[in-house]
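**Q** the following comprises the amino acid sequence and a computationally predicted model.
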Amino acid sequence: MMALLTVDKLSKTYQATSKKAVKDISFAVDHGDIVAFLGPNGAGKTTTLKMILNLVSPDHGKVYSEGKETTNDNLLLLKNTGVLLEGSRNMFWSLSPLENFIYWGGQRGLSKAKAERSGLLLMKKFGLLDKKDTTITSLSRGMQQIVGICCAMIAQPKLLILDEPTLGLDLKSAQIVTNILQELSANGVGILITTHQLDFAQKVAQKILLINHGKLVFSDNVKESLARLNKQTLLELTLTRSLTLEEQEEISTYCNLTKKQMNCYQLEVKSQKALPQVFNLLGKLPVRQIQTKERNLEDVFEYYTEEG
Amino acid sequence: MTSFKAEIWRQVWLYKRYSFNYFSDFVLLIIMFMAIFFGGALLGGGVLGTSLNALVIGYILWTLIQNTISQMGMSLTSQMQNGILEQQFLMPISTRRLFFNKSLVNIIVSTVQAILALLIIMMLTDHWIKFSIILVIPFVLALITTIGLGYLVVSLILHFKRIGSTLVIFQYVYLGVLLTNFEHFSLGIKYLSCLLPIFPMVSWMRLSVNQHGYSLGFYLGASLFNAVLWLAIGLVMFEITNRNVRKNGSLALY
């Protein structure tokens, strides 16, 4: 089966700034995938999303929807895709959620009755059924965001593209969004999300794309890459004094040593076999605290996006 | 069709929710006409000729066209500002079709409003207009030109983002159209005026309601040409602007 979305070497330079915003980005989103698209502000995430959706024309590269090219004619892609860009801006604020569902459902080819039914089901799922007739302006920020997500899901798309879906949501609402995304993924819906909330990305996504300065710098399965990284034991060591040069040299035989703060060091043990020697060395030091540390997405993000 | 229906529903909900505001606009429309009517200053000369028939029809046509254009302009500017326009570009229908639906809904709403205003004005002035059924042709052709102008307005908004003042100029240009009797000018100017939006249609209606003799063939041909010309100009400009905003990524830049 063809991937729901295939992005092949997309590039864009904005004429006004002559800045190469995106350089040769390629990736795919398959049925049931949840892909998190991460990167610092201005890295090129939004430009990439907009090129996929043909809101911005790429200089080079192609976009495919289930194997068919949609680079310059995106109606086929949009037919199967629900999109929420930039928070909850995809709604008429003077209308109610139900009226918004009917409007956006209609734009996607749904009859009034079908859009209404689908919208009410979604509202029920998110626990907002009692707000169906309240105007969007009267809803809280979190509720507006949820209604925005519902609008993107109204026509049961095969692919969902969500820009910062949990922005402004409280923990409970964010958990509801996480559950819904996981449920959709289990039903074969492909999901591409951008987010700055790395813990959310780690929890919900199966695959991570990390972009920096317009280039894709990391693309991997979340669990596998973290498991791989965490194969090496990582220790965080706090001493009552700084390490001497001799001690640093001795430890460096078995570990990659990084000074984090005053008297605080990170030790990446080079091999599991070296652990007895490492603990032997540590026994001789004035240790205040020692703890093992698990690497998370934040470490990956920091590693690939820190300058220099 | 569901897209068009959705636009209709949106208008209905807005009319329901903000009924007082829409009602006030409607009353203002009637009051403005009555001021012109009782003021009498214009009756002696300009608007659509000398008769009250011409005044009523001219006023209704003007409000219809300027409502359509300015409503389109204002709602689009606000939709661009709050990001909804970008979202509408993400619907699985062509943008040309999307804006056609919007124009059509605006025209329908404005026409219903204009007909209601016409009935009330006729009641208030106790002057019941009888006009030839043939006037439906220039009226419909004027609406086609208006759709072309609608695309032109959309293109200007997509390119320049804010065109509030231009829209006000548009309104006065339309009023100027209705006040100028180009059919009595020299042949050259008469022909040239047929290139300007809705000019031949208005001349045709003016001659007809004032029961002056005119060449049906000439006005039919000129009005058809005018409608096709401005629809084509609107569509071409829209296609060019649409391509440019995508190329420059400027759709969301307001």
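**A** Yep, it's here.

**Q** tell me the SS of the residue nearest to the spatial centre of chain A?
**A** Nearest to the mean C-alpha position of chain A, counting by Cα atoms, centre = their mean, stands A:A36 at 2.8 Å. Three states are possible here, and by DSSP: H, G, I helix; E, B strand; the rest coil the one that applies to A:A36 is strand.

**Q** got the residues of chain A near chain B?
**A** When proximity is defined as Cβ under 8 Å from any Cβ of the partner chain, chain A approaches chain B at A:12, A:14-16, A:47, A:50, A:53-57, A:75, A:78-79, A:81, A:83, A:85-86, A:89-95, A:99, A:102-112, A:135. Where you see a C-beta, it was placed from the backbone N, CA and C, and this is true even at glycine.

**Q** residues in contact with the residue of chain B found nearest chain A?
**A** In chain B, no residue comes nearer to chain A than B:A6, which is 2.6 Å away by Cβ to the nearest Cβ. Contacts here follow Cβ atoms under 8 Å, 6 or more residues apart in numbering or on different chains; on that basis B:A6 touches A:I102, A:Y103, A:W104, A:G105, A:G106, A:Q107.

**Q** need the pLDDT of it.
**A** According to the prediction, B:A6 has pLDDT 92.

**Q** what's the nearest residue to it if we skip its chain neighbours?
**A** With Cβ to Cβ, 6 or more residues apart in numbering or on different chains as the criterion, B:A6 has its nearest non-adjacent residue at 2.6 Å, and that residue is A:G106.

**Q** any idea how far whichever helix or strand that neighbour is part of is from the middle of the chain?
**A** A:G106 is part of helix A:97-107 when elements are defined by DSSP states H and E. Once both centres are worked out by Cα atoms, centre = their mean, to the nearest Å, helix A:97-107 turns out to sit 27 Å from its chain's centre.

**Q** now what about that helix, what contacts it?
**A** For helix A:97-107, with Cβ under 8 Å, 6+ apart as the criterion, the contacting residues are A:90-92, A:95, A:111-112, A:114-116, A:118-120, A:122-123, A:128, A:131-134, A:136, A:139, A:147, A:150-151, A:154-155, B:2-3, B:5-7, B:9-10, B:13, B:88, B:91-93, B:98.

**Q** rewinding a little: isn't the residue nearest to the centre of chain A up against A:D199?
**A** No. If you go by Cβ atoms under 8 Å, A:A36 and A:D199 don't touch, sitting 11.1 Å apart.

**Q** and the residue nearest to the spatial centre of chain B, what's its pLDDT?
**A** The residue lying closest to the centre of chain B (Cα atoms, centre = their mean) is B:I65, at 1.9 Å. B:I65 is assigned 77 on the pLDDT scale.

**Q** that one and B:H212, how far apart?
**A** 23 Å (Cβ to Cβ, to the nearest Å).

**Q** which of the helices or strands spans B:A227?
**A** Going by DSSP H and E, B:A227 is part of helix B:216-248.

**Q** count the residues that sit near B:G83.
**A** The burial metric for B:G83, expressed as a neighbour count using other Cβ atoms under 10 Å in any protein chain shown, is 19.

**Q** for the residue nearest to A:D30 when sequence neighbours are not counted, what are its contacts?
**A** Using Cβ to Cβ, 6+ apart and skipping residues adjacent in sequence, the residue nearest A:D30 is A:A3, 4.8 Å away. Taking Cβ under 8 Å, 6+ apart as the definition of contact, the neighbours of A:A3 are A:A28, A:V29, A:D30, A:Y64, A:E66, A:G67, A:G190.

**Q** out of those, which comes closest to B:M237?
**A** The shortest separation between B:M237 and any of the contacts of A:A3 is 31.4 Å, and it belongs to A:Y64 (by Cβ to Cβ).

**Q** tell me the confidence at that closest one?
**A** What the model reports as pLDDT for A:Y64 is 92.

**Q** same deal with A:V7?
**A** pLDDT, A:V7: 94.

**Q** assumed it was part of a strand.
**A** Yes. According to three-state DSSP, A:V7 belongs to a strand.

**Q** across the sheet, point out what pairs with it.
**A** The residues paired with A:V7 through beta bridges, assigned by DSSP bridges, are A:F27, A:V63.

**Q** thinking again about what came up before, show me which of the contacts of helix A:97-107 are buried.
**A** Buried members of those, scored by 16 or more other Cβ atoms under 10 Å in any protein chain shown, are A:90-92, A:95, A:112, A:114-116, A:118-120, A:122-123, A:128, A:131-132, A:136, A:139, A:147, A:150-151, A:154-155, B:2-3, B:5-7, B:9-10, B:13, B:88, B:91-93, B:98.

**Q** tally of neighbours for A:T195?
**A** When counting by other Cβ under 10 Å, one arrives at 20 neighbours for A:T195.

**Q** ok, it - contacts?
**A** By Cβ under 8 Å, 6+ apart, the contact list for A:T195 reads A:A36, A:L38, A:E164, A:P165, A:T166, A:L167, A:A201.

**Q** how much space separates it from chain B?
**A** Using Cβ to the nearest Cβ, to the nearest Å, one gets 19 Å for the distance from A:T195 to chain B.

**Q** span of stretch A:181-194 from start to end?
**A** Across stretch A:181-194, the straight-line distance between its terminal residues is 13 Å, by Cα to Cα, to the nearest Å.

**Q** which residues touch it?
**A** Counting by Cβ under 8 Å, 6+ apart, stretch A:181-194 makes contact with A:3-5, A:29-38, A:45-46, A:49, A:153, A:157-165, A:201, A:204-206, all of which sit outside it.

**Q** of the residues you listed, which belong to strands?
**A** When DSSP state E defines the strands, the subset of the contacts of stretch A:181-194 inside them is A:L5, A:V29, A:I34, A:V35, A:A36, A:F37, A:L38, A:L159, A:L160, A:I161, A:L162, A:D163.

**Q** surely the fourth one meets A:L216?
**A** Okay, so that is A:V35. No. Between A:V35 and A:L216 no contact is recorded; they are 11.9 Å apart, counting by Cβ under 8 Å.

**Q** which neighbours do those two share?
**A** Counting by Cβ under 8 Å, 6+ apart, the residues touching both A:V35 and A:L216 are A:F27, A:L209.

**Q** list the residues that contact B:I121.
**A** With contact set as Cβ under 8 Å, 6+ apart, B:I121 has these partners: B:I30, B:F33, B:M34, B:F37, B:V56, B:Y59, B:I60.

**Q** go again using 10 Å as the cut-off
**A** If a contact means Cβ atoms under 10 Å, 6 or more residues apart in numbering or on different chains, then B:I121 has B:L29, B:I30, B:F33, B:M34, B:F37, B:L52, B:L55, B:V56, B:Y59, B:I60, B:H127, B:I129 as its contacts.

**Q** backbone dihedrals for A:L169, please?
**A** Its backbone dihedrals place A:L169 at phi -90, psi 140, with angles given as degrees, to the nearest 10.

**Q** go ahead and confirm it touches A:V177.
**A** Yes. Under the criterion of Cβ atoms under 10 Å, A:L169 makes contact with A:V177 at 6.5 Å.

**Q** identify the contacts common to these two.
**A** Shared contacts of A:L169 and A:V177, defined by Cβ under 10 Å, 6+ apart, are found at A:G142, A:Q145, A:I146, A:I149, A:F200.

**Q** give me the subset of those residues lying in helices.
**A** A:G142, A:Q145, A:I146, A:I149, A:F200 (DSSP state H).

**Q** give the contact list for the nearest residue to the last one once chain neighbours are set aside.
**A** Distances taken as Cβ to Cβ, 6+ apart put A:T166 closest to A:F200, at 5.3 Å, once the chain neighbours are dropped. Taking Cβ under 10 Å, 6+ apart, we find A:T166 in contact with A:142, A:145, A:149, A:173-178, A:181, A:193, A:195-197, A:199-201, A:204.
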